[in-house]
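K.L.:
missing the sequence, but the structure's below:
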């Protein structure tokens, strides 16, 4: 999905992701089997004793239990700015229900934000029990980077606890919601479809027009949504010639421009949390925001000047930081 990590080559990815297979969706619908974690593997603790005979909890009861677990976090009402609660709400299931009601009434902004909640919560919702077991195994690996990823994943679990496998969160549902939002005129959803290789149209004229519409909109959601399609995936596309596109770091320029335009990019933001929890791309400085993380980990001193010039082009600033 458009807001999920896509540039694992430019940041240090937690090695445990490969060991556990927890970075991607559990597309098969199965948890990691206890036997997959061997107690005799170097640096890996046995999870067998903790995973045997796990009870099967009916989904309705699981949802009620999740509500009790989050009882200290009162859900807010749906704000005038429909985007706000994805950053602030501790109960994203309740937030999604409010969004769903608005979306069914024809609100394409609510539909877009609903797709973002589904995207953020999908890994957890497909197998809540396996997700928590993976956290336990990660904690026992003894890797320097593991605590940051476990903390990020626990944050996801706490916020997404109302979702269950029967909700069928995953790539197909997210894509379906974004297609509906885009068809209704939501620019961020339209941009995300382009970035995911599923554009509404596939002509050179459409691609260039879409990128220009996103840039003109100055909508940080649309900037972030289109970013994955503006990196190396855009290399060689003559329709995007002369735009910030086609290079490894041009995707990051669009992401950082989104931050400059007001998308929450702080250390506790959904953006930073998602990169760490869902992709293993974690800063070892828990106070570091996305911008500083990128400049520290992904941009060379020689490339910093070019990056800042790109960002100024994207947001029309004369004086950049």
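P.N.:
Structure received. Source: prediction; values computed, not measured.
K.L.:
just for the chain, where's the confidence low?
P.N.:
1-80, 317-321 (pLDDT under 70).
K.L.:
And the strands in it?
P.N.:
Counting by DSSP state E, no segments of the chain form strands.
K.L.:
Quick check: longest helix in it by residues?
P.N.:
With residue count as the measure and DSSP state H as the assignment, the chain has helix 108-126 as its longest helix.
K.L.:
which strands and helices sit next to that helix?
P.N.:
Identification of packing neighbours for helix 108-126 by 3 or more C-beta pairs under 8 Å, 6 or more residues apart in numbering; DSSP states H and E yields helix 85-88, helix 92-104, helix 146-159, helix 171-183, helix 187-195, helix 270-279. Every C-beta, even on glycine, is put in place using the N, C-alpha and C of the backbone.
K.L.:
Now that we have these, can you turn them into a markdown table and tack on distance to residue 310 and mean neighbour count?
P.N.:
What follows is the helices and strands packed on helix 108-126, written out as a markdown table (distance: least, C-beta to C-beta, whole Å; neighbours: other C-beta atoms under 10 Å):
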| stretch | distance to residue 310 | mean neighbour count |
| --- | --- | --- |
| helix 85-88 | 26 | 17 |
| helix 92-104 | 33 | 20 |
| helix 146-159 | 28 | 20 |
| helix 171-183 | 26 | 19 |
| helix 187-195 | 17 | 27 |
| helix 270-279 | 19 | 23 |
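K.L.:
Looking at those, spot the one closest to residue 116.
P.N.:
Using C-beta to C-beta as the criterion, the shortest distance between residue 116 and the helices and strands packed on helix 108-126 is 5.9 Å, found for helix 85-88.
K.L.:
and the closest one, what does it pack onto?
P.N.:
Applying 3+ C-beta pairs under 8 Å, 6+ apart, we find helix 85-88 packed against helix 92-104, helix 108-126.
K.L.:
of the ones you listed, which approaches residue 259 most closely?
P.N.:
For residue 259, the closest of the helices and strands packed on helix 85-88 is helix 108-126, at 16.1 Å, according to C-beta to C-beta.
K.L.:
Just give me how far that closest one sits from the chain centre.
P.N.:
For helix 108-126, the distance between its averaged C-alpha position and the chain's averaged C-alpha position is 9 Å (C-alpha atoms, centre = their mean, to the nearest Å).
K.L.:
Report the angle between it and helix 146-159.
P.N.:
For helix 108-126 against helix 146-159, the angle between stretch directions is 120 degrees (axes from the mean of the first three to the mean of the last three C-alpha atoms, to 10 degrees).
K.L.:
begin at 45 from here
P.N.:
Taking 45 as the first residue, the last one we looked at is helix 152-170.
K.L.:
and helix 152-170 with helix 314-323, angle?
P.N.:
Using the same axes, to 10 degrees, the interaxial angle of helix 152-170 with respect to helix 314-323 works out to 30 degrees.
K.L.:
Tabulate the helices and strands packed on helix 129-132 (a markdown table), appending distance to residue 129.
P.N.:
Putting the helices and strands packed on helix 129-132 into a markdown table (distance: least, C-beta to C-beta, whole Å) gives the following:
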| stretch | distance to residue 129 |
| --- | --- |
| helix 136-148 | 5 |
| helix 152-170 | 8 |
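K.L.:
Show me the one of those that comes nearest residue 206.
P.N.:
Among the helices and strands packed on helix 129-132, the nearest to residue 206 by C-beta to C-beta is helix 136-148 (2.5 Å).
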